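Enquirer: Return a 3D structure for these sequence lines:
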Amino acid sequence: MSNDRALSWPALRHATPARIGLGRRGAGLPTAAHLDFQLAHARARDAVHAPFDAKTVAARVRDCGLEPILLRSAARDRLIYLRRPDLGRRLDTESRERLIARPKSPIDIAFVIADGLSATAVHAHAGALLAATLDRLDPALCIGPVAIVEGGRVAIGDEIGGILGAALAAVLIGERPGLSAADSLGVYVTWQPAPGTVDSARNCLSNIHAAGLPIVHAAERLAALLKAARDYRMTGVALGQRLAAVASPQIDQGG
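Expert: Just a heads-up that it's a prediction; the model follows:
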């Protein structure tokens with residue numbers, strides 16, 4: 001019985017942001033729980049439809065000592081972006097031509113910042129994460145211009161990285177809002193990005209926000225991931241398997 005009391009609903013509620021053990025009033029939730037749910041749902045919807053302030057993001061990129069490039073996906077507006085995920089995975093014609101026309105030079109890492117499904121997350125965390133990550137990278141690395149994409153999905157980094165000729169692309173993007181966080185940022189890292197890259201060829205860090213993975217820890221993990229990708233010249237499932245093999249001691253199968 002003592003163990004049952006230790007795992008009471010109040011104790012479990014303090015251990016997770018999930019909505020559990022809320023109780024009920026008649027056939028519905030208590031008023032406070034119902035209102036909290038409605039507020040979280042409204043924040044999630046607001047995050048999905050929030051306008052992307054690309055110019056402010058660009059100013060934060062300049063503060064990091066990097067050149068921002070403002071681009072758009074092939075999704076002309078937010079409603080099209082939500083209905084046509086494929087259009088968010090590629091640049092519009094003007095952006096592509098402008099990027100192709102740029103002078104080319106060797107690039108070790110190309111950072112891409114896209115609004116994704118939460119511009120709120122990008123506004124809140126992308127600039128801080130970029131700055132903290134740069135502080136942890138080898139200063140000898142050549143960091144390319146930072147593409148800031150309105151209406152972008154994860155895979156748009158493949159086209160951008162491919163055009164720039166970058167060895168690595170790191171896409172900082174707003175994640176799908178949930179009822180516990182509307183400002184969660186994700187990062188997707190791809191070795192030798194090019195259109196057609198499959199999702200199994202990238203690595204992801206997610207749930208980056210104040211109540212999830214803090215910026216400092218996210219920057220440390222991202223810098224370590226970028227270093228590992230460069231050391232082994234791969235990302236995705238292949239990199240995960242390689243790192244697991246290195247970390248695990250070999251088991252002697254002999255008699």
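Enquirer: any chance you could map the strands in the stretch 101-250 of the chain?
Expert: For the stretch 101-250 of the chain, applying DSSP state E, counting those that start in this stretch gives strands covering 107-114, 146-150, 166-174, 185-191, 202-208.
Enquirer: any chance of those in JSON lines, with mean neighbour count and distance to residue 70 too?
Expert: Every C-beta, even on glycine, is put in place using the N, C-alpha and C of the backbone. As requested, the strands of the stretch 101-250 of the chain are exported to JSON lines (neighbours: other C-beta atoms under 10 Å; distance: least, C-beta to C-beta, whole Å):
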{"stretch": "strand 107-114", "mean neighbour count": "25", "distance to residue 70": "10"}
{"stretch": "strand 146-150", "mean neighbour count": "26", "distance to residue 70": "5"}
{"stretch": "strand 166-174", "mean neighbour count": "27", "distance to residue 70": "15"}
{"stretch": "strand 185-191", "mean neighbour count": "25", "distance to residue 70": "19"}
{"stretch": "strand 202-208", "mean neighbour count": "20", "distance to residue 70": "23"}
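Enquirer: This protein: helices as residue ranges?
Expert: Residue ranges of the helices in the chain, as given by DSSP state H, are 2-6, 9-15, 31-49, 54-63, 78-83, 93-100, 119-121, 127-134, 156-164, 215-232, 237-247.
Enquirer: Point out where the stretch 1-150 of the chain drops to low pLDDT.
Expert: 1-7 (pLDDT under 70).
Enquirer: hmm, 90 instead?
Expert: For the stretch 1-150 of the chain, applying pLDDT under 90 flags the ranges 1-50, 104.
Enquirer: Ok, which of the strands of the stretch 101-250 of the chain comes nearest residue 78?
Expert: Proximity to residue 78, assessed across those by C-beta to C-beta, is greatest for strand 146-150 (9.4 Å).
Enquirer: Kindly export that closest one (C-alpha atoms) in PDB.
Expert: Below are the C-alpha coordinates for strand 146-150, written out as PDB (Å, rounded to 0.1, in the frame of the first residue of the first chain):
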ATOM      1  CA  VAL A 146      22.700  31.400 -43.000                       C
ATOM      2  CA  ALA A 147      19.600  30.800 -45.100                       C
ATOM      3  CA  ILE A 148      16.400  32.100 -43.400                       C
ATOM      4  CA  VAL A 149      13.400  30.500 -45.100                       C
ATOM      5  CA  GLU A 150       9.800  31.500 -44.800                       C
END
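Enquirer: Can you check what angle separates it from helix 54-63?
Expert: Counting by axes from the mean of the first three to the mean of the last three C-alpha atoms, to 10 degrees, strand 146-150 lies at 170 degrees to helix 54-63.
Enquirer: mind listing what residue 51 touches?
Expert: Applying C-beta atoms under 8 Å, 6 or more residues apart in numbering, we find residue 51 in contact with residue 119.
Enquirer: Also residue 123?
Expert: Residue 123 sits next to 50, 53, 56, 57 when contact means C-beta under 8 Å, 6+ apart.
Enquirer: Go again with 10 Å.
Expert: Contact analysis of residue 123 by C-beta atoms under 10 Å, 6 or more residues apart in numbering lists 47, 50, 51, 52, 53, 56, 57, 60, 115, 174, 183, 185.
Enquirer: Verify the contact between the last one and residue 219 for me.
Expert: Yep, that's residue 185 we're talking about. No. Counting by C-beta atoms under 10 Å, residue 185 sits too far from residue 219 to count as a contact (11.6 Å).
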